[in-house]
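J.: My questions concern the predicted model and sequence given below.
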Amino acid sequence: MDRISIVAPCYNEEETLDYFYEAITKLGERLDQAELEIILVDDGSKDHTYEKMCALHEKDDRIKCISFSRNFGKEAAIFSGLRGGSGDCFVVMDADLQHPPETILQMYAYWKEGYEVVEGVKKSRGKESGFHKCLAGIFYGAISRIMHVDMRNSSDFKLMDKKVAEAVCSLTEKNTFFRALAYWVGFKSITVSYEVKERVAGKTKWSYMKLFAYALKNLTSFTNAPLQIVTVIGALFLLIGFIWGVDAVLSSIQGRAVGGYPSLVLLIIIATGGIMVSLGIIGAYIAKIYDEIKNRPQYIIRDKKD
Ligand code: UDP
Ligand code: MG
């Protein structure tokens, strides 16, 4: 009998947990060669998510619960779930049933065939506004280029072998980007596409501000390219400055030097703008180094039920 550990991060999901439990139970009935273990991680919810989780744990001993001392984010919840499971393979999925549980049957079949990572790929991005789609397009375009794999429709919905989960959890960085790290560790992988469902209940936890911070955090934790862009911009300014300087010297020698006030102002604005942006980018990386060097844990567990 194989053991599948399902990891579901939950933040203010009291309304969806019952539906989730019901769907997973149905899935369990359809798996005759595997037993399920369900790890629900309460990411510092402000509602009664944890009480609900504990009630499910009382009812069904396949359910394990972890509760964080505050909201540490979905990434942290995923990692603590992966560390808390004992399965032969792990499935990470959202608690709001946007990731269809029946897809797990297909993922499991691939795992049986010997694949170590089964990536859930969105057929479409579900219901999102045009603005959201556009921003997501820019972010995933950049990330895809860095990773040399198409990540536009990737999601956190994955099945991974125990070995892969161990490899991902053994990485020491605290600023994690689970989706990309799952690619980074390698292993034999295959994709399965699924249709993003509507949330069963409750509402999304992501605001534009949160998404922007998420994109920035992930880009800076995965690539140093922006720092190199700073160097390129600097070099470009230097070149322009040099040409401009030569021209200034020549024109003053030839006695055709003019007031040049507008060009001077323009130059100052461009140069300071460039410097500010560059400092900002460098600052973002220093902040990242500072965060990692403090070596604080990615999350703090308040309570646990095995
Ligand atoms: N989530 C979490 N911590 C957070 C935000 C979200 O654990 O700080 C969980 C949430 O409970 C859900 C999953 O991550 O199970 C995806 O969140 P959500 O449905 O809000 O995002 P969306 O599907 O809209 O991208
Ligand atoms: Mg969702």
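T.: All right, it came through fine. Ligands and ions are numbered 1, 2, ... in the order given.
J.: Which helix or strand lies directly C-terminal to the helix ranked longest in the chain?
T.: With secondary structure taken from DSSP state H, the chain has its longest helix at helix 261-294. Next in sequence after helix 261-294, counting helices and strands by DSSP states H and E, comes strand 301-305.
J.: Please point out which parts of that following strand sit buried.
T.: residue 301 (16 or more other C-beta atoms under 10 Å). Backbone N, C-alpha and C define where each C-beta goes, glycine included.
J.: need the residues of the stretch 51-200 of the chain near ligand 1, please.
T.: 71, 73, 74, 77, 94, 95, 96, 98 (C-beta under 6 Å from any ligand atom).
J.: what about 5 Å?
T.: 73, 74, 77, 94, 95, 96 (C-beta under 5 Å from any ligand atom).
J.: what's the longest helix of the chain packed up against?
T.: Helices and strands touching helix 261-294, as assessed by 3 or more C-beta pairs under 8 Å, 6 or more residues apart in numbering; DSSP states H and E, comprise helix 208-222, helix 225-253.
J.: Let's see that with 6 Å instead.
T.: helix 225-253 (3 or more C-beta pairs under 6 Å, 6 or more residues apart in numbering; DSSP states H and E).
J.: now the helix it packs on and helix 208-222, what's the angle there?
T.: 90 degrees (axes from the mean of the first three to the mean of the last three C-alpha atoms, to 10 degrees).
J.: Number of residues surrounding residue 106?
T.: Other residues lying near residue 106 total 15 when counted by other C-beta atoms under 10 Å.
J.: That one looks like it's in a strand, true?
T.: No - counting by DSSP: H, G, I helix; E, B strand; the rest coil, residue 106 is not part of a strand but helix.
J.: From residue 221, how far out is the residue nearest the centre of the chain?
T.: Geometric centre of the chain, nearest residue: residue 177, 4.2 Å, by C-alpha atoms, centre = their mean. Using C-beta to C-beta, to the nearest Å, we find residue 177 at a distance of 6 Å from residue 221.
J.: same thing with residue 181?
T.: Distance from residue 181 to residue 221, by C-beta to C-beta: 10 Å.
J.: Then residue 250?
T.: 48 Å.
J.: out of these two, which sits in the busier spot?
T.: Comparing residue 250 with residue 221 by other C-beta under 10 Å, the one with more neighbours is residue 221, at 18 against 11.
J.: Remind me which helix or strand the residue nearest to that one when sequence neighbours are not counted belongs to.
T.: Of all residues not flanking residue 221 in the chain, residue 175 sits nearest, at 4.2 Å (C-beta to C-beta, 6 or more residues apart in numbering). Following DSSP H and E, one finds residue 175 outside all helices and strands.
J.: in the stretch 51-200 of the chain, which spans are strands?
T.: 63-68, 89-92, 117-122, 154-161, 189-194 (DSSP state E, counting those that start in this stretch).
J.: Show me where the stretch 1-150 of the chain has its helices.
T.: Along the stretch 1-150 of the chain, the segments classed as helices by DSSP state H, counting those that start in this stretch run 17-30, 49-59, 74-84, 103-113, 130-147.
J.: Name the residues of the second one that are buried.
T.: Right, the one you point to is helix 49-59. 49, 50, 52, 53, 54, 55, 56, 57.
J.: Equivalent analysis for the first one, please.
T.: For helix 17-30, the buried set under the neighbour-count rule, 16+ other C-beta under 10 Å, comprises 17, 19, 20, 21, 23, 24, 27, 28.
J.: For burial, what's the neighbour tally of the closest residue to the fifth one other than its chain neighbours?
T.: When you say that, I think you mean residue 23. Leaving aside its sequence neighbours, residue 23 sits nearest to residue 101 (C-beta to C-beta, 6+ apart; 4.8 Å). Look at residue 101: counted by other C-beta under 10 Å, it has 19 neighbours.
J.: tell me the phi and psi of residue 101?
T.: Here is the backbone geometry of residue 101 (degrees, to the nearest 10): phi -60, psi -30.
J.: Also residue 13?
T.: According to degrees, to the nearest 10, residue 13 has phi -110, psi 30.
J.: how many other residues sit next to it?
T.: So residue 13, with other C-beta under 10 Å, has 28 neighbours.
J.: what's the spacing between it and residue 97?
T.: Counting by C-beta to C-beta, the gap from residue 13 to residue 97 is 10 Å.
J.: ok, now residue 188?
T.: 29 Å.
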